[in-house]
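**Student:** what follows is a protein structure lacking sequence information:
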């Protein structure tokens, strides 16, 4: 109900603008067509009400309704009914009648598609029937020159206004869609790519490396003893550490590098077109800078990083194997004392040293 109310009020505001303009221009078109017919005073009064007062009344009606969306659909059907009524009142004068019907049809299609076009058409037919009973019309086969000119503003300006409103709506929806897509791919705490989005980028990079026969590296970064940080200093302090690391990644990586939060206290980085030794130097500099950070809220807190690196291997058949190499390197960094950077091609040597 809340979403429907918000959507309905937004629709009412958009239609208020187009209805005010369209009915004011329609009043000019209909009144010039009606003038030679010497209509009764009540007809003139109804024309003025429909053209000048009804847009404001319709907006307030929808605004105060419990379900503005449904109220605005009702208002649109009233618009269509009155359009059919004025077609008969004008004695089916060809150009003013065609202009009125086409503008109503365009409005209904823009708002509700084919389904609402059919509903609006039914309301127009009902309006024609009521008008027929009241006016007993004769068909006027000719449109005078002044009546033609009176129709031109409605024919020119109303489609322009409706098109602009539709464009603005499409632009807003497109922007919201992009924002939702970005939110669905972003970790809310750090602002980096989330697990799934980063894995998608890894697959793209893996395919690029295979296609162009160019190398690169990926890094998995683990915050050492993060659970102890949460237990000792609290989860707020833990969140500060996570945000600090994400901030440092954004500040120190290249524009082409892709960082993400892999999960919990683990981060991940894609380093395109970077040799393994250069990637190791970059990660070593990151590790060193992060280890020297101070935290005003907890001056005693010092945090270190364990980092596993893996270069692209053309023998791998999928990106998962590349990631597994980095994961094994990270395991090597954590199992040999933490607070260090280990490359995947160094892991056997580290294990051998450990066994000795």
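**Tutor:** Structure's in. What do you need? What you are looking at is a predicted structure, and each value in this text was computed from that prediction instead of being measured.
**Student:** show me how the protein divides into domains.
**Tutor:** Listed by automatic domain parsing, the domain ranges of the chain are 2-183, 195-355.
**Student:** state the mean pLDDT of the longest one.
**Tutor:** Same thing as domain 2-183. Confidence over domain 2-183 (mean pLDDT, whole number) is 89.
**Student:** ok, which of the domains of the chain comes nearest residue 189?
**Tutor:** Distance to residue 189, taken as C-beta to C-beta, is lowest for domain 195-355 among these, at 6.0 Å. In short, each C-beta sits where N, CA and C put it, glycine included.
**Student:** helices along the stretch 201-350 of the chain, start to end?
**Tutor:** Taking DSSP state H, counting those that start in this stretch to define them, one finds helices in the stretch 201-350 of the chain at 226-233, 235-252, 276-291, 319-335, 347-355.
**Student:** helices and strands around the second one, which ones?
**Tutor:** Of the remaining helices and strands, those touching helix 235-252 by 3 or more C-beta pairs under 8 Å, 6 or more residues apart in numbering; DSSP states H and E are strand 216-223, helix 226-233, strand 258-263, strand 266-272, helix 276-291.
**Student:** out of those, which comes closest to residue 85?
**Tutor:** Using C-beta to C-beta as the criterion, the shortest distance between residue 85 and those is 62.0 Å, found for strand 258-263.
**Student:** buried ones in the closest one?
**Tutor:** Buried residues in strand 258-263, counting neighbours by 16 or more other C-beta atoms under 10 Å, are found at 258, 259, 260, 261, 262.
**Student:** neighbours of residue 250, how many?
**Tutor:** By other C-beta atoms under 10 Å, 13 other residues sit near residue 250.
**Student:** so what's it up against?
**Tutor:** In this structure, residue 250 makes contact with 191, 192, 259, judged by C-beta atoms under 8 Å, 6 or more residues apart in numbering.
**Student:** got the phi and psi for the second one?
**Tutor:** Read that as residue 192. Reported as degrees, to the nearest 10, the phi and psi values for residue 192 are phi -90, psi 170.
**Student:** isn't it up against residue 258?
**Tutor:** No: using C-beta atoms under 8 Å, residue 192 is not in contact with residue 258; the gap is 9.1 Å.
**Student:** need the residues touching each of these two.
**Tutor:** Common neighbours of residue 192 and residue 258, using C-beta under 8 Å, 6+ apart, are residue 198.
**Student:** mind checking the SS state of the residue lying closest to residue 37 once chain neighbours are set aside?
**Tutor:** On the basis of C-beta to C-beta, 6 or more residues apart in numbering, the spatially nearest residue to residue 37 that is not a chain neighbour turns out to be residue 91, at 6.5 Å. Secondary structure assignment for residue 91 (DSSP: H, G, I helix; E, B strand; the rest coil): coil.
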